[in-house]
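Asker: Need a 3D model of the sequence below.
(4 chains)
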Protein chains: 2
Amino acid sequence: MNATQASLLALLDGCGGELTGGELVRLAELRIGQFWSLTRSQVYRELAALERDGLVEPGVPGPREARPVRITGPGRDRYRTWLTEQLPSDSIRIPVLLAVSFGASLDQAALRELLTASRQEHRRRLHDYEALDADLARAPDGEPWARATVSFGMHYERAVLAWFDTLPAQVRPPAPG
Amino acid sequence: MNATQASLLALLDGCGGELTGGELVRLAELRIGQFWSLTRSQVYRELAALERDGLVEPGVPGPREARPVRITGPGRDRYRTWLTEQLPSDSIRIPVLLAVSFGASLDQAALRELLTASRQEHRRRLHDYEALDADLARAPDGEPWARATVSFGMHYERAVLAWFDTLPAQVRPPAPG
DNA sequence: GCTTGACTGTCCACAGTAGACGGTGCATGC
DNA sequence: GCATGCACCGTCTACTGTGGACAGTCAAGC
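Answerer: I've put the predicted structure just below:
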């Protein structure tokens, strides 16, 4: 079991029915893509392993070679204990910080341009999260768990934007808000 | 060229001499480990590729099979343009958010425990960054580029700590400061 | 001198990433 | 009714990232 398998099981459990690999990819992107990446190749690979281990079972075949699966009882037990007991540590790679770290060796104008683009990207993401949070707030149950993860995104993006404003003047990107 | 190769070249350029694979691993952990992970296996693999491409060249062999390398002229050009022109996007995986996201299906006490441990870990990291920053501030040149990356770490950790305090009451970890 | 431990580089297995590929259903327009 | 285009299904491959085992070698301390 790994985090990708646990995520797939959790998504299958949450939907309460059957999903194909493609549907899982889309659902994962929507529900956890903000802080967890997974690709089509991975999904199909892990789905095969899950079925081999009896944690998911085939559902009724659909059109276009579609082979949906549903979670089994053991699958449900497995992901729930895994998520609270075997969580790995964070994995974070931020290329922009690589450029900042070696900034002394780089062309200052190019670095400033890079940072400006990055700042804009983070600003855009903050706006997206704010819009998403407003949507979730309108849901009947208020979606507390989903909102908690979006809240993380907003805290993060605001911190990054504040950090940009503390950079050395010669590379500091303009702050449009 | 990839980010790992560029980092190795930048470290070699910065040290102004020759380094072995092991030395590069330790130096990388110290200088960029906070936001960029790389392992021994990777370093030796990429070092072989860099030598094959003429971006580093062998230095004078040392004790214990040590085969130090130094950066070449083309190597210097390569990493500098790569860092400002071909930076990939961020890669972030935060397992704790997976648990929060599927929190509705989990045991609330176990989740709270998990979040408490995570909060403590982030608090510890913030203290480490603050101590590191104080050290860097005492350096003759003030180490502006290194301090900028540590500053990112502090902004990030403070944002995460603030986020913990916004979680639903039944899973919110205690806030000891 | 000898042991211990840290260090050298090598190797392997698996997970994550990126993208090409052939086949198939479905909607669209004729 | 039928042809076309497109979105989608699952497969596959190559490369990068991760974690850990391994054998050989030097140095420090007893």
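
Asker: Look up phi and psi at the residue in chain A that DNA strand D sits nearest to.
Answerer: Nearest residue of chain A to DNA strand D (Cβ to the nearest atom of the strand) works out as A:Gly22 at 2.1 Å. C-beta coordinates here come from the backbone N, C-alpha and C atoms, glycine included. With angles defined as degrees, to the nearest 10, A:Gly22 sits at phi -60, psi -40.

Asker: Point out where chain A drops to low pLDDT.
Answerer: Where chain A drops to pLDDT under 70, the residues are A:62, A:177.

Asker: Show me which residues of it are close to DNA strand D?
Answerer: For chain A, the residues in contact with DNA strand D (Cβ under 7 Å from any atom of the strand) are A:20-23, A:40-41, A:44, A:48, A:64-68, A:88-89, A:91, A:93.

Asker: List the ones among the residues you listed that fall in strands.
Answerer: If you go by DSSP state E, the residues of chain A next to DNA strand D have A:91, A:93 in strands.

Asker: Quick check: helices, which of the residues of chain A next to DNA strand D are part of them?
Answerer: Among these, the residues falling in helices (DSSP state H) are A:21-23, A:40-41, A:44, A:48.

Asker: Which one of these is nearest to chain B?
Answerer: Nearest to chain B out of those is A:Ser41 (Cβ to the nearest Cβ; 16.0 Å).

Asker: that older thread, pull out the buried residues from the ones in helices among the residues of chain A next to DNA strand D.
Answerer: A:21, A:23 (16 or more other Cβ atoms under 10 Å in any protein chain shown).

Asker: Could you list which of the ones in helices among the residues of chain A next to DNA strand D also contact DNA strand C?
Answerer: A:40-41.

Asker: Closest one of the ones in helices among the residues of chain A next to DNA strand D to A:Gln5?
Answerer: Closest approach between these and A:Gln5, by Cβ to Cβ: A:Ala48, at 10.7 Å.

Asker: before we move on, the earlier item: and chain B, which of the residues of chain A next to DNA strand D contact it?
Answerer: A:88-89, A:91, A:93 (Cβ under 8 Å from any Cβ of the partner chain).

Asker: contacting residues for the residue of chain A closest to DNA strand D?
Answerer: Counting by Cβ atoms under 8 Å, 6 or more residues apart in numbering or on different chains, A:Gly22 makes contact with A:40, A:66.

Asker: measure it to A:Arg78 for me?
Answerer: 23 Å (Cβ to Cβ, to the nearest Å).

Asker: Surely A:Ala110 is in contact with B:Gln86?
Answerer: No: A:Ala110 sits out of contact with B:Gln86 when judged by Cβ atoms under 8 Å, with a separation of 11.6 Å.

Asker: Of the two, which one has the most company?
Answerer: A:Ala110 (16 against 12; other Cβ atoms under 10 Å in any protein chain shown).

Asker: and whatever helix or strand that one lives in, what other elements does it pack with?
Answerer: For A:Ala110, the element it lies in under DSSP states H and E is helix A:108-137. Applying 3 or more Cβ pairs under 8 Å, 6 or more residues apart in numbering or on different chains; DSSP states H and E, one finds that helix A:108-137 makes contact with helix A:95-101, helix A:144-164, helix B:73-85.

Asker: Going by neighbour count, which residues in it are buried?
Answerer: The neighbour-count check on helix A:108-137 (16+ other Cβ under 10 Å) flags A:110-112, A:114-116, A:118-119, A:122-123, A:125-126, A:129, A:132-133, A:136 as buried.
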